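>>> Build the 3D model from these lines:
(one chain, ligands or ions: 1)
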Amino acid sequence: MGTPLVSSLSLLWSGPLEWLSVGLLIVGVLFFWRGRRGRRSDRLHCVKCLHALAQTSLAEIAPDACCAECGHPLSSASGSSRGATKRTRSSVRTSLPRPLITSIGLFLACAGVGFWLYNGALGGLGRLLLPRYQVKETQTLLGCEVTISKPRWADDLASPIVEIRQRGRVVFASAMTHPTVGSARLQDPLCEEPVSLLWIRSDSGGSLGLSETFTFRVGDATSDDTGYPDFLPYAVLHEGSFAKSDPEQPESDVWIAYELAYKYWLTTGVNSPTIAMRGTPTPSGIVWNSPDESEAPNADALEAIAGRVRALASATEPEMFTSAHCDQALGLVLDAFLELVYTGRARDAWPFLRARYEDGLGTLMTASQRAEVPRSLDALERAILEQMQRSKFIQEILRRNGGSIAPPTDSSSAPISAQ
Ligand SMILES: [Zn+2]
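Residues are numbered from 1 along each chain as shown. Below is the predicted model:
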């Protein structure tokens, strides 16, 4: 016997709810039986209409007697082979039925059966008879039919299944956590023509949005020699997503990866810097796009941040500062600092950081209750340098900054350079 069958049958009887159902059924049957049997009467009654008969004993009933009320014969023939007639209990009765008790019994019995069906049997039988997965989402992407199936029963914690068919043939099928699918069109530097990709992202969830995206290169709908357009693995990408280009402008889609090295590092929640990297996936890795001017804050934006830091630092008495004040100022300054470094302007970033430290960021950091917040400008600069070294984008960041992201002036801290 197969395991699914056993587990399905076990669902028919899984605990106290089933015992309760059976209890209801038994009590219901007892009530029904009592109700039908009725209460004793000192009179004889017609079995059909319950009319109280004039006769007081069976012996008084003549063989051809009928009920005065409904005409039902009071003697029924039995043992007719011998030609004898015999009065039986089926023609007259010595008790009256109790319809209320009968109804209550019927109701309880039905409730017991219904309760059992609802709680166990239907689910169990359903699991036995219906497929475990049902299709939740279907779409056509690049000529492929994509279906996402999820477990039918809410308590089944199995992962959804993604299945991709190309011309009816299954080209991909896998279980995945929180899957999403889509298509992207991008300019692979190794190819002349833009590449069409079908992507499937598996998201492990959480505030950091950890994900893995599998991409497949899909040929156009014309069939090759084998009768199928090609469907080939292209690249596996981590922690990012495709961003659609403006449909008005026929540009390629880009891959956006968020820098997570600074999330919750010295700041909390919304104050954490969220730096994005834009690039083009290729089978050998991601080729990062050269950042353009618009990706870094301009002079006005930097000045606005300076004003905000000064306002925060002068808003209250220094002894009233909390970690939240520091979080706000440090988040703003770090975000702008990193965006400058990530667009290749480390030389502008350091003076900006130092000026904001003097503006009041230093006072706010000193007042912070968070132990990990550096308490001097020198300590802050060293902490930022060390953290940037931990970034998975560090080689690209160094390349953008001409090989060094170290503070531009004295040599108090060792410069970080590309190998
Ligand atoms: Zn009668």
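
>>> Tell me which residues are up against the helix or strand containing Leu198.
Remark: Leu198 resides in strand 195-205, with elements defined by DSSP states H and E. When contacts are defined by C-beta atoms under 8 Å, 6 or more residues apart in numbering, strand 195-205 is touched by residues 141-142, 144, 146, 162, 164, 172, 176-188, 209-218, 220, 231, 234, 241-242, 281. All C-beta spots, glycine's among them, are computed from the backbone N, C-alpha and C.

>>> Quickly run through the sheet partners of it, with directions.
Sheet pairing for strand 195-205, assigned by DSSP bridges, gives strand 179-186 (antiparallel), strand 210-218 (antiparallel).

>>> I'd like to know which of those is closest to the ion.
Nearest of the strands paired with strand 195-205 to the ion, taken as C-beta to the ion: strand 179-186 at 72.7 Å.

>>> Identify all contacting residues around that closest one.
Strand 179-186 is contacted by residues 139, 141-142, 146, 148, 160, 162, 194-203, 215, 218, 242, 244, 252-255, 280-281 when judged by C-beta under 8 Å, 6+ apart.

>>> if we can go back for a sec, select, out of the strands paired with strand 195-205, the one closest to Arg347.
strand 179-186 (32.0 Å; C-beta to C-beta).

>>> pLDDT (mean, whole number) over that closest one?
Regarding strand 179-186, the rounded mean pLDDT is 92.

>>> can you check stretch 42-59 too?
83.

>>> What are the buried residues along the strand holding Leu198?
195-203 (16 or more other C-beta atoms under 10 Å).

>>> Distance to the ion and pLDDT for those - can I get that in CSV?
Putting the buried residues of strand 195-205 into CSV (distance: C-beta to the ion, whole Å; pLDDT from 0 to 100) gives the following:
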residue, distance to the ion, pLDDT
Val195, 91, 86
Ser196, 87, 88
Leu197, 86, 92
Leu198, 81, 94
Trp199, 82, 95
Ile200, 78, 95
Arg201, 79, 93
Ser202, 77, 93
Asp203, 76, 89
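
>>> Put together a markdown table for the residues you listed, with distance to Lys263 on each row.
Output for these, formatted as a markdown table (distance: C-beta to C-beta, whole Å):
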| residue | distance to Lys263 |
| --- | --- |
| Val195 | 31 |
| Ser196 | 33 |
| Leu197 | 28 |
| Leu198 | 30 |
| Trp199 | 24 |
| Ile200 | 25 |
| Arg201 | 19 |
| Ser202 | 20 |
| Asp203 | 16 |
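
>>> Show the backbone phi and psi for Thr316.
Torsion angles at Thr316 (phi, psi; degrees, to the nearest 10) stand at phi -150, psi 170.

>>> how far away is it from His325?
As judged by C-beta to C-beta, to the nearest Å, Thr316 and His325 stand 8 Å apart.

>>> Export the strands paired with strand 195-205 to TSV and append columns for distance to the ion.
Below are these laid out as TSV (distance: least, C-beta to the ion, whole Å):
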stretch	distance to the ion
strand 179-186	73
strand 210-218	81
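
>>> Do a quick rundown of the helices in the stretch 151-300 of the chain.
Assigned by DSSP state H, counting those that start in this stretch, the helices in the stretch 151-300 of the chain fall at 299-314.

>>> can you count the residues close to Val254?
Neighbourhood size, Val254 [other C-beta atoms under 10 Å]: 21.

>>> Without its sequence neighbours, what residue ends up closest to it?
Counting by C-beta to C-beta, 6 or more residues apart in numbering, Arg278 is the residue found nearest to Val254 once chain neighbours are left out, at 4.8 Å.

>>> again, but for Cys110
Counting by C-beta to C-beta, 6+ apart, the residue nearest Cys110 is Gly28, at 7.2 Å.

>>> buried ones in the helix or strand the one you found falls within?
Taking DSSP H and E as the criterion, Gly28 maps to helix 16-37. By neighbour count on 16+ other C-beta under 10 Å, the buried set for helix 16-37 is 18, 21, 24-25, 27-28, 31-32, 34-35.

>>> which of those lies closest to the ion?
Distance ranking of those against the ion, using C-beta to the ion, places Gly35 first at 20.4 Å.

>>> so which residue of the stretch 251-400 of the chain comes closest to the ion?
Gly269 (84.6 Å).

>>> what about Ala158, neighbour count?
Number of residues near Ala158 (other C-beta under 10 Å) recorded here: 11.

>>> Report the contact partners of the closest residue to it other than its chain neighbours.
Computed as C-beta to C-beta, 6+ apart, the closest residue to Ala158 that is not its neighbour in sequence is Pro151, at 4.9 Å. Pro151 makes contact with 132-133, 157-158, 160, according to C-beta under 8 Å, 6+ apart.

>>> now those in a markdown table, with pLDDT and distance to Ile394?
Output for the contacts of Pro151, formatted as a markdown table (pLDDT from 0 to 100; distance: C-beta to C-beta, whole Å):
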| residue | pLDDT | distance to Ile394 |
| --- | --- | --- |
| Arg132 | 84 | 46 |
| Tyr133 | 89 | 43 |
| Leu157 | 85 | 38 |
| Ala158 | 88 | 39 |
| Pro160 | 93 | 36 |
